[in-house]
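Asker: Okay, here's the prediction I keep looking at, along with the sequence it came from:
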Amino acid sequence: MNFHRILRRNAFTLAAAAALLTGGLTACNKDLDREPFYDLNTESVYKDPANHLQVLAKCYAGFNLSGNPGSPDVFAGQGKDEGETSYLRAYWYLQELVADQAVVAWNSPPLQELNTTSWTSSNDLINNSYTRIFYEVALCNEFIRETSDDKLSRRGIVGLDAENARRYRAEARFLRALAYYHAIDLYGNVPFVTEADAPSKNLPKQTTRAALFAYVESELKAIETALLPAHTAPYGRADQGAAWALLAKLYLNAQVYTGTARYTDCLTYCNNILKANYALAPEYRLLFLADNNVTSASEIIFPLTSDGVASQGYGGTTYLTHAAVGGQMLTSGFGINSGWAGNRTRKNLPLLFPATGSDFDTRAMFFTSGQTLEINDLTIFTEGYGVTKWRNKTSTGANGNDPQLIFVDTDFPLLRLGDVYLMYAEAVLRGGQGGTQAQALDYVNALRDRAYGNTNGRITLAQLTAPDFILEERGRELYWEATRRTDLVRFGKFTTGYNWPFKGYAGSGDDKQGHDVPAYRNLYPLPSTDLVANPTLKQNDGYN
C-alpha cells in the first residue's frame, strides 16, 4: 500500500502508534523535550521497520488533523472547538483573518481580535497555532531520534529497510523545518529543541529569529540529497522540490527575518524547481477542487492532504469550504451539507480584479447575490462578498467521498508552482541575481494567461515593475492560501501605509475603514501561558 493511501485511510489509526511515542506531550513548550509516557515501549515500535512509515504518516497528518475524534493531540480547553486547534486552520487564521482579504462573522472574542488587529498574548487562537507548531516539532524530534543510524544498527535494521528509514528521517526533518519556518514567521524568537536534546524536564532555551533561520536553512540543505528527486515522491510526501520551495520562501523573507536580503539565493532555489518536471494546472479552479490530487498534481509541490472518509476533522479544507458558505449560497454547489456562515472577503480583495471589460479573470471567485461589498458589522455574514474558491466538488461536478457531505476531500496546496513563478519575479525585481526581468514577465503572464483563458490579460514590463504590482498579483493568485500576512509584512504594508476595513478598530466611534497599527504587530506575541510555564522566555516587544 503506498504512502498516500496510508495517510488518507489510516490517519486516525496511525495516531495510536505515534501516541505510544508522544503520549505525554501537551505541546506547551515546557514539554518539548519531556520524556514521553509509553503504553508500549519505544523499542517494540521502532524495531519493526514496518512501523516506520506508519509513524511518519502521523508526522504528516499533524499538519491537518487535530487527532483522534474527541481526543485531540492538543487540548483545546474545556468547551472549546477542537477543530480550531488543528494546524492548518490555526495557521490560516493568523495569516488571513488579520489581513486585507478575509474576515469572519463568528462573534468569538479571540476571532474578533484577529479581525481588528487588536490581539493580546492571551488570545487562544494565537496559542493554538504556537502549540501546534511545537507539538509537530516534538513529534518529528522523536521520530528523527529513534531512526538515527546508531539506533537502526543497534536494532539490526539494515539494507533496504535502513535506506527507507533514512529517507523517512529526511522527510521528518523537512516537516520539522516547515514547522520551525512557521515559528520564525509568526513568532520570531522561540523555544528551540532538536533530536539532540535528550528528553528531560529541563525548560527549552529560547533562540533568536536569525539563529532559527540559519538552522532551518542548514536543515533543508542537509536533507536535500537524502530526499527523492523533485516531483518523484509519492503524492503527499516531501521530496527535493518541497525542500527547494521552502528554501525559496525562507530566502524571499530573509530581510524580514534576519535583516539581510537573500534574493539571489531565493532565485537559485526557484530555478531548481523551474528546471524540474512541474507544470501549471490547466485551469486555476482545479487547484481547489476535491480531485486536485489528480488534476493539479503537476503544479502542487507539497500538499496537505485530505480525505472526507478516511481523515475526518473540522480543520483544513473542511473548515475552509464550510466556513465560506452562507447567505444565499447553495450548499449543493460546494458538495457540503451545510454552510457555517463565517468567512467572507473585505473589499480590498475584489477591488484587485478589473470591474469592467469583456475579459474575465477566472481567479475572481466571488458570490455577490445578497452580499454587500462594504462591511459595517463584522458579525453579519452578508456584509462582504462570499468567496467560492474552496469546494468539495470534483472537476466533473461530483461530490467528495463523504456520503454525509460533511468532510472534504480537497487537498491544500501549501507549496505550488504558481507561487514559485511569483517568487521568481519578486526576487528579480528586488535585485536578485540569477534571473531576468524578461523571464519574470513570462512567468507572470503564464499565470495571467491561465486566469483569462487567453492572452488578453497579459501585462507589459512597465506594468510588472510598477510599485505594488507583485503584491497585488500575489493577492489575486494566492488569496486565502495562507500567505497574505507574510506578504504584507515583507512589503512593509501590514502595520502602516496601507489599510483595510476594521484594521486596528477599537470599537464604537472608531474609524471602520481601518488605520495604521503599531509596528510591533508584525510579529505575534508568545502566548502568556508559555511565559508562565517557562519563565526564561522573553516576550516579543510591545506585548505583555
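Answerer: Thanks, I have it. Since this is a predicted model, take the numbers as computed values, not measurements.
Asker: neighbours around Tyr180, how many?
Answerer: Neighbourhood size, Tyr180 [other Cβ atoms under 10 Å]: 24. In short, each C-beta sits where N, CA and C put it, glycine included.
Asker: residue contacts, it?
Answerer: For Tyr180, the contact set (Cβ atoms under 8 Å, 6 or more residues apart in numbering) comprises 133, 137, 212, 215-216.
Asker: could you dump these to CSV with secondary structure, neighbour count and pLDDT?
Answerer: Listed next are these as CSV, based on DSSP: H, G, I helix; E, B strand; the rest coil; neighbours: other Cβ atoms under 10 Å; pLDDT from 0 to 100:
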residue, secondary structure, neighbour count, pLDDT
Ile133, helix, 24, 98
Val137, helix, 27, 97
Leu212, helix, 22, 98
Tyr215, helix, 16, 98
Val216, helix, 22, 98
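Asker: which of those lies closest to Phe366?
Answerer: Closest approach to Phe366 among the contacts of Tyr180 (Cβ to Cβ): Ile133, at 32.1 Å.
Asker: The closest one against Ala177, yeah?
Answerer: No. Using Cβ atoms under 8 Å, Ile133 is not in contact with Ala177; the gap is 11.8 Å.
Asker: What segments of the protein are strands?
Answerer: 67-68, 71-72, 103-104, 191-192, 205-206, 300-304, 343-344, 366-367, 386-387, 412-416 (DSSP state E).
Asker: Helices along the stretch 351-500 of the chain, start to end?
Answerer: Listed in chain order, the helices of the stretch 351-500 of the chain (DSSP state H, counting those that start in this stretch) span 417-429, 437-452, 461-464, 469-478, 484-490.
Asker: by contact count, what packs against the second one?
Answerer: Read that as helix 437-452. Where contact means 3 or more Cβ pairs under 8 Å, 6 or more residues apart in numbering; DSSP states H and E, helix 437-452 is packed against helix 417-429, helix 461-464, helix 469-478.
Asker: Could you pull out the buried residues of the last one?
Answerer: It refers to helix 469-478. Counting neighbours by 16 or more other Cβ atoms under 10 Å, one finds that the buried residues in helix 469-478 are 469-471, 473-478.
Asker: Check the offset of it from the chain's centre.
Answerer: 18 Å (Cα atoms, centre = their mean, to the nearest Å).
Asker: before we move on, what about the first one?
Answerer: Here the centre of mass of C-alpha atoms in helix 417-429, compared against the chain's by Cα atoms, centre = their mean, lies 18 Å away.
Asker: rewinding a little: I'd like the helices and strands packed on helix 437-452 written out as a markdown table, with mean pLDDT added.
Answerer: Shown next, in a markdown table, are the helices and strands packed on helix 437-452 (pLDDT from 0 to 100):
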| stretch | mean pLDDT |
| --- | --- |
| helix 417-429 | 99 |
| helix 461-464 | 98 |
| helix 469-478 | 98 |
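Asker: Ser121: which of those is closest?
Answerer: That would be helix 469-478 among those, by Cβ to Cβ, at 29.0 Å.
Asker: count of neighbours near the closest residue to Asn445 other than its chain neighbours?
Answerer: Nearest residue to Asn445 in three dimensions, chain neighbours excluded: Arg458, at 4.7 Å (Cβ to Cβ, 6 or more residues apart in numbering). Residues lying near Arg458 (other Cβ under 10 Å) number 15.
Asker: same thing with Asn445?
Answerer: Other residues close to Asn445 by other Cβ under 10 Å number 18.
Asker: for it, what are its contacts?
Answerer: Contacts of Asn445 by Cβ under 8 Å, 6+ apart are 455, 457-459.
Asker: Pull up the gap between it and Ala451, please.
Answerer: 10 Å (Cβ to Cβ, to the nearest Å).
Asker: Now do the shared contacts for those two.
Answerer: Joint contacts of Asn445 and Ala451 (Cβ under 8 Å, 6+ apart) are Gly457.
Asker: one step back: quick check: of the buried residues of helix 469-478, which lies closest to Asn392?
Answerer: Of the buried residues of helix 469-478, the one sitting nearest to Asn392 (Cβ to Cβ) turns out to be Leu478, at 20.9 Å.
Asker: Surely that closest one and Glu472 touch.
Answerer: No. If you go by Cβ under 8 Å, Leu478 and Glu472 don't touch, sitting 11.1 Å apart.
Asker: from the contacts of Tyr180, which two are the most distant?
Answerer: Ile133 and Tyr215 (14.4 Å).
Asker: Next one, pLDDT for Asn445 please.
Answerer: Note for Asn445: predicted pLDDT of 98.
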